[in-house]
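**Q** Could you work out the structure for the sequence below:
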Amino acid sequence: MIKLYLFDIEGTTTDIRFVHTVLFPYSRTQLPEFVRNHHHEETIAAAVSDVQATVLKEEGRTVDLDGAIAKLLQWIDEDRKHGALKEIQGHIWDLGYSRNDFQGHVYDDVAPSFLRILDSGATVGIYSSGSVHAQKLIFGFSTAGDLTPLIAHYFDTKIGGKRERTSYTNIATATHLSPGEIRFFSDIPQELEAARSAGMSVTHVVRPGTQASDFPSIADFTGLPTR
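**A** Below is the predicted model:
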């Protein structure tokens, strides 16, 4: 029996265009000033240090604050899933949501499916490369209202990379469930393969623009949950 329905965000619960045409450009525009204004704060200082350490390790050079900012902007353009970038983006998006500059996009079928899952006695979880903070913002300030009360678990890449089998084993351990009690939904076949290899059941979410695969698939969440 499935006890946890675990969802990816980008391309699964949320239109990928929202991330790439709203969130990423907003963070790119705001990032230089934000980092300069907040780099003395603990979380931002730690993220900047992480960027500097990565540049030193990968490129063999040291960078100052401006160099770290330039590297962060480069990573946005490259869509690199670096923890320091995700941390800083989350704080920038926090400001954007609070100013009502935008709302978090979710497909129309998401909120009703979450409610049905809870009514069935199961729980809802999120696993995304975006930080847990950023995940809560999308669902807290969503076009369907505040959906965070419906979500029991949030995971980001601190639990492990999304294409690594051990990440899904770690999620099962963290939720005190066996992998077989978890069903994972994503638009990325490599993530589904990693989850399946850990023992989870998986479903490929084929939204508009998503390429089909050999995994069991659905076009939306209208039929969820399934017993």
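**Q** Could you use CA atoms for every contact and neighbour count after this?
**A** Fine.
**Q** mind listing what the residue nearest the centre of the chain touches?
**A** Central residue check for the chain by Cα atoms, centre = their mean: the C-alpha nearest the mean position is that of Ser128, 2.5 Å away. Contacts here follow Cα atoms under 8 Å, 6 or more residues apart in numbering; on that basis Ser128 touches 7-10, 135, 155-157, 162.
**Q** how does it look with 6 Å?
**A** 8-9, 156 (Cα atoms under 6 Å, 6 or more residues apart in numbering).
**Q** Break the chain down into its domains, please.
**A** Per automatic domain parsing, the structural domains of the chain span 4-15+103-218, 19-98.
**Q** measure the last one end to end?
**A** To tie it back to what came earlier, the one meant is domain 19-98. Domain 19-98 has an end-to-end distance of 17 Å (Cα to Cα, to the nearest Å).
**Q** quick check: mean pLDDT across that domain?
**A** The average pLDDT for domain 19-98 rounds to 96.
**Q** Can you give the distance of it from its chain's centre?
**A** In terms of Cα atoms, centre = their mean, to the nearest Å, the gap separating the centre of domain 19-98 from the centre of its chain is 16 Å.
**Q** and if you look at stretch 155-172?
**A** 12 Å.
**Q** before we move on, what about stretch 92-112?
**A** Computed by Cα atoms, centre = their mean, the chain-centroid distance of stretch 92-112 equals 13 Å.
**Q** Can you give me the buried ones in it?
**A** Under the neighbour-count criterion of 16 or more other Cα atoms under 10 Å, stretch 92-112 has 92-94, 96-97, 102-107, 110-111 buried.
**Q** and that stretch, how far apart are its ends?
**A** From start residue to end residue, stretch 92-112 stretches across 29 Å - Cα to Cα.
**Q** what does it rub up against?
**A** Residues contacting stretch 92-112 (Cα under 6 Å, 6+ apart): 13-14, 138, 141-143, 221.
**Q** Great, nothing more from me.
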